[in-house]
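Visitor: turn this into a structure:
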Amino acid sequence: MSLTFIHDFQNRIYSSLSEDKEIMFIVKKVYIGAIQDGVSPFLLINVAKADDLSVHNIALYEVEFQVSAYAKDQNHQLLVKLSDLIVSNLSKINRLFGGYMIDGIKANNMQFEKAKDLVLNRLVINYKSFIKKEGY
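Guide: Now for the predicted structure:
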């Protein structure tokens, strides 16, 4: 399994979210990977797991990822609105990238975490996706 396509997939998600005017009107920035001194509200894209499900002549991968939204304590409603925008955006994502095709993408579940540090609340949207290599 090539890690390059996972990186390209993560960049596709990043592009889709960061080019959405409604989302970017609310958040300051979209991050991939580690955040240092992020100004809230912001989004974080994290690939959690990738499994190679390929058989015979079909290259198929299951990729689990998270989109996390962070906002100040008083902005609980803002996180709910962001979740709707994110789910809507990723359901319409451009499915072709670098010789691969997103065969399916689904928001599996969501978790809301009250701020432990009394500063930022977090809403995590867990996704599962199936990615198939084109022309394999």
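Visitor: shaky segments in the protein?
Guide: With pLDDT under 70 as the threshold, the chain has low-confidence stretches at 1, 73-75, 115, 117-118, 135-136.
Visitor: where do the helices sit along the protein?
Guide: Secondary structure of the chain (DSSP state H): helices located at 3-18, 21-26, 76-91.
Visitor: who are the packing partners of the shortest one?
Guide: Read it as helix 21-26. With contacts taken as 3 or more Cβ pairs under 8 Å, 6 or more residues apart in numbering; DSSP states H and E, helix 21-26 sits against helix 76-91. (Glycine included, C-beta is placed from N, CA and C.)
Visitor: tell me the angle the helix it packs on makes with helix 3-18.
Guide: 130 degrees (axes from the mean of the first three to the mean of the last three Cα atoms, to 10 degrees).
Visitor: quick check, central residue of this structure?
Guide: Val67 (3.8 Å; Cα atoms, centre = their mean).
Visitor: report the contact partners of the nearest residue to that one once chain neighbours are set aside.
Guide: Distances taken as Cβ to Cβ, 6 or more residues apart in numbering put Ile125 closest to Val67, at 4.8 Å, once the chain neighbours are dropped. With contact taken as Cβ atoms under 8 Å, 6 or more residues apart in numbering, Ile125 is in contact with Gln66, Val67, Ser68, Ala69, Ser83, Ile86, Val87, Ala107, Asn109, Met110.
Visitor: nearest to Tyr14, of those residues?
Guide: Of all the contacts of Ile125, Tyr14 sits closest to Val67, with 10.0 Å by Cβ to Cβ.
Visitor: which parts of this structure are strands?
Guide: In the chain, the strands defined using DSSP state E lie at 29-32, 42-52, 60-72, 96-97, 100-113, 120-133.
Visitor: just give the number of residues close to Glu62.
Guide: 15 (other Cβ atoms under 10 Å).
Visitor: make 642 the first number, not 1, from now on.
Guide: Sure, I'll start counting at 642 from here, so that last one is Glu703.
Visitor: in the sheet, who's paired with it?
Guide: Asp692, Phe771 (DSSP bridges).
Visitor: any chance of the helices of the chain in CSV, plus distance to Gln677 and mean neighbour count?
Guide: Shown next, in CSV, are the helices of the chain (distance: least, Cβ to Cβ, whole Å; neighbours: other Cβ atoms under 10 Å):
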stretch, distance to Gln677, mean neighbour count
helix 644-659, 17, 17
helix 662-667, 20, 13
helix 717-732, 21, 16
